[in-house]
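Chemist: sharing a model that was predicted from the sequence below.
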Amino acid sequence: MKNTILNYALLIVGAAIALYANADEDQNEYILILGIVVLMLGVYRVSRTIPGRNEERDDVNDEL
């Protein structure tokens, strides 16, 4: 439960930082990069918990 909350919090915080850094005319590249890194970390952690689409079908093909 805590990991799920952390994963989605990373997504939201990363997106907010990236949007904030991109909103100014005088962009701070380091803040933008930090926001993108946090966003990608959140996406990776969420995608790691999603099971594969054809996991059952692959097992059947391996047995044949």
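Modeler: Nice, thanks for sending it over.

Chemist: C-alpha from now on. contacts and neighbour counts both.
Modeler: Fine.

Chemist: state the helix or strand in which the spatially most central residue of the chain lies.
Modeler: When Cα atoms, centre = their mean is applied to the chain, the residue found nearest the centroid is Val43 (1.0 Å). For Val43, the element it lies in under DSSP states H and E is helix 29-49.

Chemist: elements contacting that helix?
Modeler: If contacts are counted by 3 or more Cα pairs under 8 Å, 6 or more residues apart in numbering; DSSP states H and E, helix 29-49 sits against helix 2-23.

Chemist: buried sites along the helix it packs on?
Modeler: Judged by neighbour count (16 or more other Cα atoms under 10 Å), helix 2-23 contains these buried residues: 7-8, 10-18, 21-22.

Chemist: just stretch 33-43 next, same as before
Modeler: 35-43.

Chemist: of these, closest to Asn54?
Modeler: Using Cα to Cα, Val43 is the member of these that lies nearest Asn54, at 21.0 Å.

Chemist: hmm, the closest one is touching Ala9, no?
Modeler: No: judged on Cα atoms under 8 Å, Val43 makes no contact with Ala9 at a distance of 10.6 Å.

Chemist: can you list the low-confidence ranges for the protein?
Modeler: For the chain, the stretches with pLDDT under 70 are 23-25, 55-64.

Chemist: run the last query once more with 90
Modeler: Applying pLDDT under 90 to the chain picks out residues 1-4, 6-7, 14-36, 46-64.

Chemist: quick one on the thing from earlier: how about the residue nearest to the centre of the chain, nearest residue that isn't a chain neighbour?
Modeler: Spatially, and ignoring its direct neighbours in sequence, Val43 is nearest to Leu11 (6.5 Å; Cα to Cα, 6 or more residues apart in numbering).

Chemist: residues touching that neighbour, list them.
Modeler: 38-43 (Cα atoms under 8 Å, 6 or more residues apart in numbering).
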